[in-house]
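Chemist: Starting from these lines, generate the structure:
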Amino acid sequence: MNTPQHPSGTAAPVPKPRDPEPLPASGAGPAAVPDGPLLEVTDLAVTYRSRRGRRSRRLVRAVDGVSFALGRGEILALVGESGCGKTSIVRAIARLEEARAGQILFHGRNITHARRRALRQLRREIQVVFQDPFESLDPRLTAFDTVEESLLVHRLGGDTRQRREQVLDAMRQVGLHPAAEIARRYPHQMSGGQRQRLVIAGAMVLRPELLIADEPVSMLDVSLRAGVLRVMMDLRESQGISILFVTHDLSLAWVLADRVAVVYLGRIVEVGTPDEIIKSPLHPYTRALVSVIPVPEAGRRDGRILLSGEAPNAAHVPEGCRFHPRCPLYRELGEPARCRTADPALTGQATGRAVACHFAKGQS
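Modeler: Numbers count the residues shown, from 1 in each chain. Sure, this is the predicted structure:
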């Protein structure tokens, strides 16, 4: 396979697999895999109380009516700038935050408000890899103890010898070699890339069906990012897991994802394949994100779209289209009243190419 070229002209660091063959979960035969998407999110809303003042009743609408589906063996990237609600979406799916409204279906069962035994089972099937690996690791535990802890908590893995083999296998799968030697190390004795691989090993030793990766490489330097991305792609290929990948970097989404959902101020504003999103963006916000992707020509600045106005604030969501105060298209069209009064719906999801804009191509 030839190495794919980034639309900017640079070589992508990792070959991108297409159309993986979904595999059943551990211990299940092909007949055990039901039809339909693995995850369905409908009209999800997540709110927080404002921290300003003891008696403040202001609600921060971090997520406001988000809907999407994730197929088995698929990688979906949630892309957007800081504060747009990406992390709140995935934390609600992982049941780390309570949803105020909407519905989350996993394997067709409603997990929106899962409790007790159902939640414990869910913790095995949905695993999360956070942004900072050092904050995710107990400095008192060795690498081996860190991975084994997942098995002990869920009472899996058999006897001591069997657990040891599973732990070392999980470490080898994520590229921690030699596994037996690294297993004796503590987090402070490992590099940033090794720590992130260790966190992934701790998640994958349970053989989950959904891996949520929240900015998993943003704290790593460029030389380590490709290795961690390759680990996730190999795990998708070998175990058939689905991955919900959160990032602010569209170029990473292009390399890794099968589909991209662009998030702005608690809403999904565009959905498409990575090539569609980067080569022919429909929403003005997506066009702005694409325009600032680094290009190889030194000093090149033509075509960049720099957004004006304040950064998104979920405590002060504008009326109408929530992007209109910063939208270049809104100003080009003479500030139409429709943008100020009507919130555009995300249309076209049935075709896989969706956009929420009154004046995007095919929407006016």
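Chemist: from here on, contacts and neighbour counts on C-alpha atoms
Modeler: Will do.
Chemist: In what element of secondary structure is Leu244 found?
Modeler: Using DSSP states H and E, Leu244 falls within strand 242-247.
Chemist: helices or strands next to that strand in the packing?
Modeler: Strand 242-247 sits against strand 75-79, helix 86-93, strand 210-214, with contacts defined as 3 or more Cα pairs under 8 Å, 6 or more residues apart in numbering; DSSP states H and E.
Chemist: Comparing these, which comes out most buried?
Modeler: Comparing these by mean neighbour count (mean count of other Cα atoms under 10 Å), strand 75-79 comes out on top with a mean of 27.
Chemist: helices and strands around that one, which ones?
Modeler: Right, strand 75-79 is packed against strand 242-247, helix 250-256, strand 259-264 by 3+ Cα pairs under 8 Å, 6+ apart.
Chemist: Which strands border that strand, and is each parallel or antiparallel?
Modeler: strand 242-247 (parallel), strand 259-264 (parallel) (DSSP bridges).
Chemist: now for these, which one comes closest to Arg322?
Modeler: strand 259-264 (8.2 Å; Cα to Cα).
Chemist: The closest one - what's its average pLDDT?
Modeler: Over the span of strand 259-264, the pLDDT mean works out to 97.
Chemist: And stretch 84-98, by the same measure?
Modeler: When pLDDT is averaged along stretch 84-98, the result is 94.
Chemist: Figure out how far it is from the centre of its chain.
Modeler: With Cα atoms, centre = their mean, to the nearest Å as the basis, stretch 84-98 stands 10 Å off its chain's centre.
Chemist: Also stretch 175-194?
Modeler: Worked out by Cα atoms, centre = their mean, stretch 175-194 lies 25 Å from the chain centre.
Chemist: picking that back up, quick one: contacts of the strand holding Leu244?
Modeler: 38, 70-80, 86-87, 90, 209-215, 218, 236, 253, 257 (Cα atoms under 8 Å, 6 or more residues apart in numbering).
Chemist: Quick check: which of the strands paired with strand 75-79 is nearest to Ala356?
Modeler: The closest of the strands paired with strand 75-79 to Ala356 is strand 259-264. By Cα to Cα, the value is 10.3 Å.
Chemist: Report the helix or strand with the lowest average pLDDT across this structure.
Modeler: Least confident helix or strand, the chain: helix 133-136 with a mean of 83, by mean pLDDT, DSSP states H and E.
Chemist: Next, the buried residues of the helix or strand following it.
Modeler: Downstream of helix 133-136, the next assigned helix or strand under DSSP H and E is helix 143-153. Neighbour counts over helix 143-153 (16 or more other Cα atoms under 10 Å) mark Ala143, Phe144, Asp145, Thr146, Val147, Glu148, Ser150, Leu151 as buried.
Chemist: In terms of secondary structure, what does the helix or strand just after helix 143-153 contact?
Modeler: Later in the chain than helix 143-153, the nearest helix or strand by DSSP H and E is helix 160-173. Helix 160-173 sits against helix 143-153, helix 179-182, helix 192-204, with contacts defined as 3+ Cα pairs under 8 Å, 6+ apart.
Chemist: what's the offset of helix 160-173 from the middle of its chain?
Modeler: 27 Å.
Chemist: quick one: the spatially closest residue to Ser50 that is not a sequence neighbour and Val317, what's the gap?
Modeler: For Ser50, ignoring the flanking residues on the chain, the nearest one in space by Cα to Cα, 6 or more residues apart in numbering is Arg58 at 5.4 Å. Noted for Arg58: a distance of 12 Å to Val317, by Cα to Cα, to the nearest Å.
Chemist: again with Gly108
Modeler: Gly108 is 32 Å from Val317, where distance means Cα to Cα.
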